[in-house]
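S.K.: take a look and give me a structure for this.
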Amino acid sequence: MARYAGVTDDDILAGLDDAQRAAVTQVRGPLCVLAGAGTGKTRVITRRIAYGVSSGTFSPGRVMAVTFTAKAAGEMRGRLRALGVSGVSARTFHAAALAQLNHFWPIVAQGPAPTIVDSKVRLLAQAASSIGLQPDGTTLRDVASGIEWRKVTMRSVDAYAAERPNGVGSLDVGAVRDLQLAYERLKDERHQIDFEDVLLACAGMIEAEPRVAHAVREQYRHFTVDEFQDVSALQHRLLELWLGERRDLCVVGDANQTVYTFAGADAGFLLGFERRHPDAVVIRLERNHRSAQPVLDVANALMRGRPGALELRAARELEAPVPRLVRYDDDAHEAAGVAAAVRAQLAAGIDPRRIAVLYRAHAQSAELLGAFAEAGIAVTVLGGTRFFDQPEVRQAVMALRAASVAPLESSFQDSVRDVLRSLGLTDDPPPAGGALRDAWEARRAVLALAEEMPADTTLRAFTDTLMARARDQHEPALATVTFATLHAAKGLEWDHVHLVGLAEGQLPISYARTFDEIDEERRLAYVGITRAARTLSLSWAPGLGRSPRQRSRFLQEIGSRTLDEQPARARSVGPSRGAGARSGPSARRRT
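M.R.: Here you go, the predicted structure:
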């Protein structure tokens with residue numbers, strides 16, 4: 001039995017189901033893991049790397065694990081450390097490319113690497129002025145998005161312009177072409193590159209410089225790519241250049257969760273992996289370790305027959321009701337009804353951190369925020385200031401750091417409590433919402449992190465842990481109900497999910513008209529459904545006016561056999577007084 005850093009193969013393989021074990025122990029050759037929602041893909045990725053290291057197949061310093069967010073990379077590094085593995089390069093595509101660019105550029109170009117453009121829109125405005133154009137701010141933002149899409153899909157300026165015969169915003173197609181060319185000239189003059197140029201320049205350097213290609217391929221010999229359904233043509237090209245003639249590639253993804261095609265993601269690279277690698281091993285992970293079967297029945301019904309669809313089965317028996325579907329009269333009625341349902345869950349003792357309200361677009365949150373405020377239910381809206389960037393949290397970390405140099409007469413956790421009390425933490429939350437309540441929630445979350453630490457922890461070690469979590473974007477869950485768009489919810493999970501706005505024009509959203517656009521909206525609905533572990537509530541409202549909305553076509557596709565249609569609840573929610581409810585309204589935004 002192999003052992004590495006005190007961790008045995010049995011430790012690595014413990015708790016895996018048969019399909020997971022097969023993926024973890026397949027450490028040679030091209031491997032494609034089709035991992036459905038909740039099937040444990042991150043566990044498989046990290047344990048496969050650990051197993052490869054333990055078996056002597058991988059050297060940690062020669063493994064690159066590529067993710068799509070810094071937070072996911074941080075989580076991967078943390079899991080690998082827990083398995084006794086250090087030295088693996090777990091990074092995003094951009095972070096890995098930028099590190100290589102900064103290392104090799106001075107060697108190849110005999111000069112400093114270019115700096116990164118801090119704002120495309122600002123530089124575009126300057127480029128527009130240089131050629132006598134005066135586009136409005138919305139047009140500049142749309143052109144900036146077009147530049148990003150053009151580069152990640154590896155199109156030239158002329159090819160992009162040919163696909164936009166009507167121009168962009170207030171600019172005709174000729175002006176769009178001229179502006180993009182002026183933008184590129186201005187960057188070159190200032191020795192700058194933008195975010196997408198990082199990948200282009202890194203790929204170009206490897207392709208044009210044999211010594212760079214040799215050095216990169218000697219450094220990294222084993223590649224793992226998470227969320228492979230989201231790779232763009234440019235990212236895929238860079239991956240091919242990193243690999244060279246090597247075959248040690250593992251990709252993990254789920255075509256059903258491709259929700260970033262507007263940003264250049266192309267699930268074809270996942271679905272076509274076997275064609276590119278005829279000798280690849282393909283393993284399907286379909287045992288869902290998150291959700292009850294009634295929730296999975298809804299998800300399976302929605303995606304049945306789609307390309308790459310997986311049939312999810314619950315790995316364990318959970319008592320759970322059939323997901324419910326409620327039709328409300330209008331948006332205000334829907335918001336009040338959802339708030340009433342959440343209030344009932346809180347009164348039943350459910351932890352607010354295990355409840356989420358999901359919607360397609362941020363504009364839908366306004367009505368919901370009002371209803372939850374009226375009910376006295378505190379919420380956190382994903383997409384705003386990160387937890388460790390909040391001033392109350394930064395102040396707490398600095399105060400704890402300062403206290404760590406002084407002799408302490410009380411225990412570690414009491415010392416943390418004393419410091420936080422000196423900053424304004426009280427035993428009970430403020431009676432009203434707003435900034436005071438937000439500050440209280442933040443400080444209480446810091447104390448909760450301390451309460452999770454061993455009793456013999458020191459203040460210095462605790463602040464080191466906080467700073468490491470900040471670097472890895474490993475944020476605590478505040479004791480609030482979560483509001484999130486479907487895009488922001490991807491990769492997260494809650495016991496109880498309320499998915500609102502299942503009406504035509506909301507989900508699918510109004511500007512989705514083509515087959516591919518509607519298909520992406522369907523995948524977004526699937527993402528929302530599969531965030532739920534125990535209970536799922538779907539709702540919609542026709543709205544007011546002469547042209548009421550129709551129920552979403554996705555509800556027709558799911559069918560009535562997997563849903564329990566219920567009458568709408570009463571409008572009035574009133575202040576919440578049940579167990580687990582918050583004493584006043586509060587809404588915090590975070591990423």
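S.K.: how about the helices in the stretch 351-500 of the chain?
M.R.: Assigned by DSSP state H, counting those that start in this stretch, the helices in the stretch 351-500 of the chain fall at 365-374, 391-403, 412-422, 435-451, 459-472, 486-489.
S.K.: same check on the stretch 101-250 of the chain?
M.R.: Under DSSP H, counting those that start in this stretch, the stretch 101-250 of the chain gives helices at 120-130, 137-152, 157-162, 173-189, 195-208, 210-219, 233-243.
S.K.: residue contacts, the nearest residue to L449 once chain neighbours are set aside?
M.R.: Distance criterion CB to CB, 6 or more residues apart in numbering; nearest residue to L449, sequence neighbours excluded, is P476 at 5.7 Å. To be clear about C-beta, it is placed using only N, CA and C from the backbone, and glycine gets the same treatment. P476 makes contact with 387, 445, 448-449 under the criterion CB atoms under 8 Å, 6 or more residues apart in numbering.
S.K.: name the member of those residues with the most neighbours.
M.R.: F387 (22 neighbours; other CB atoms under 10 Å).
S.K.: hmm, V397 and it touching each other?
M.R.: No - in this structure, F387 is not within contact of V397 by CB atoms under 8 Å, at 11.1 Å.
S.K.: tally of neighbours for L16?
M.R.: Neighbour count for L16, taken as other CB under 10 Å: 17.
S.K.: how near is it to V53?
M.R.: 17 Å (CB to CB, to the nearest Å).
S.K.: and what of R246?
M.R.: Taking CB to CB, one finds R246 at 18 Å from V53.
S.K.: Q180 too?
M.R.: 46 Å.
S.K.: which of these two has more residues huddled nearby?
M.R.: In this comparison of Q180 against V53, neighbours counted by other CB under 10 Å, the higher total goes to V53 at 27 against 22.
S.K.: phi, psi for the more buried one please.
M.R.: phi -70, psi -50 (degrees, to the nearest 10).
S.K.: kindly report the same for the one 3 residues further on.
M.R.: Backbone dihedrals for G56, given as degrees, to the nearest 10, come out at phi 90, psi 0.
S.K.: quick one, which of the helices of the stretch 101-250 of the chain is nearest to V419?
M.R.: Among these, helix 195-208 comes nearest to V419, with 39.1 Å by CB to CB.
S.K.: report pLDDT for V379.
M.R.: For V379, the pLDDT comes out at 87.
S.K.: cool, V405 as well?
M.R.: pLDDT, read off for V405, is 74.
S.K.: got the phi and psi for it?
M.R.: Per-residue torsions, V405: phi -90, psi -10 (degrees, to the nearest 10).
S.K.: can you redo the contacts of P476 as a markdown table with distance to A255 and pLDDT?
M.R.: Compiled in a markdown table, the contacts of P476 are given as follows (distance: CB to CB, whole Å; pLDDT from 0 to 100):
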| residue | distance to A255 | pLDDT |
| --- | --- | --- |
| F387 | 32 | 75 |
| A445 | 36 | 83 |
| A448 | 38 | 83 |
| L449 | 37 | 85 |
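S.K.: pairing partners for G505 in the sheet, please.
M.R.: I509 (DSSP bridges).
S.K.: just give me the neighbour total for it.
M.R.: 16.
S.K.: then stretch 321-336 to PDB, C-alphas only?
M.R.: The C-alpha atoms that make up stretch 321-336 are tabulated as PDB, following Å, rounded to 0.1, in the frame of the first residue of the first chain:
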ATOM      1  CA  PRO A 321     -41.300  16.300  -1.100                       C
ATOM      2  CA  VAL A 322     -42.000  16.500  -4.800                       C
ATOM      3  CA  PRO A 323     -40.900  19.900  -6.000                       C
ATOM      4  CA  ARG A 324     -43.700  22.400  -6.000                       C
ATOM      5  CA  LEU A 325     -44.800  24.800  -8.700                       C
ATOM      6  CA  VAL A 326     -46.800  27.900  -7.800                       C
ATOM      7  CA  ARG A 327     -48.500  30.400 -10.100                       C
ATOM      8  CA  TYR A 328     -48.900  33.900  -8.700                       C
ATOM      9  CA  ASP A 329     -50.900  36.800 -10.000                       C
ATOM     10  CA  ASP A 330     -48.000  39.300 -10.500                       C
ATOM     11  CA  ASP A 331     -44.400  39.900  -9.500                       C
ATOM     12  CA  ALA A 332     -45.300  41.500  -6.200                       C
ATOM     13  CA  HIS A 333     -47.500  38.600  -5.300                       C
ATOM     14  CA  GLU A 334     -44.800  36.200  -6.200                       C
ATOM     15  CA  ALA A 335     -42.200  38.000  -4.100                       C
ATOM     16  CA  ALA A 336     -44.500  38.100  -1.100                       C
END
